[in-house]
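Asker: Need a 3D model of the following:
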Amino acid sequence: MADFDAVESRLERILDPYRDRLEAATIYGMPILRRPGAKAHDWFAGVQRTDSAVKFNFLPMHGDPSLLDGASLALLKRRSGASVFRFTTVEEPLVAELEAIVARAFEPYVGVRA
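Answerer: As a prediction, this is how the structure comes out:
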């Protein structure tokens, strides 16, 4: 489980560039970042540690599956569900790929008003 500390830390760093424009919140006990004032189910992303993995919860890919166009098979294998990637180790090429996908999704997310 000691590896999970490194995984959680690295996945959290993906979100660091957006923390100044988003607010921290929780949904169903899961920590997330969202636009200030957004409704509960209008969140951007969050990192959640479980007993078996560290999850990167990323709602924009649920609403816009094209964000994953060109994603590697190795990253897609870490996808579980409509908006979750699961990691048990830091695999830097995959984390960097996820980081790029998150970056592409950010401006469209903050530009949408529900």
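
Asker: okay, which residue is most central for this protein?
Answerer: Phe58 (3.7 Å; C-alpha atoms, centre = their mean).

Asker: which residue packs closest to that residue, ignoring adjacent ones?
Answerer: Ala45 (4.7 Å; C-beta to C-beta, 6 or more residues apart in numbering). Quick note: C-beta positions are derived from backbone N, CA and C, even for glycine.

Asker: related to what we said a few turns ago, for the residue nearest to the centre of the chain, list the residues it contacts.
Answerer: Phe44, Ala45, Ser83, Val84, Phe85, Leu98, Ile101, Val102, Ala105 (C-beta atoms under 8 Å, 6 or more residues apart in numbering).

Asker: Format those as a markdown table; extra columns: distance to Leu15, pLDDT and secondary structure.
Answerer: What follows is the contacts of Phe58, written out as a markdown table (distance: C-beta to C-beta, whole Å; pLDDT from 0 to 100; DSSP: H, G, I helix; E, B strand; the rest coil):
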| residue | distance to Leu15 | pLDDT | secondary structure |
| --- | --- | --- | --- |
| Phe44 | 8 | 97 | coil |
| Ala45 | 6 | 97 | strand |
| Ser83 | 15 | 94 | coil |
| Val84 | 15 | 97 | strand |
| Phe85 | 13 | 98 | strand |
| Leu98 | 11 | 98 | helix |
| Ile101 | 13 | 98 | helix |
| Val102 | 8 | 98 | helix |
| Ala105 | 12 | 97 | helix |
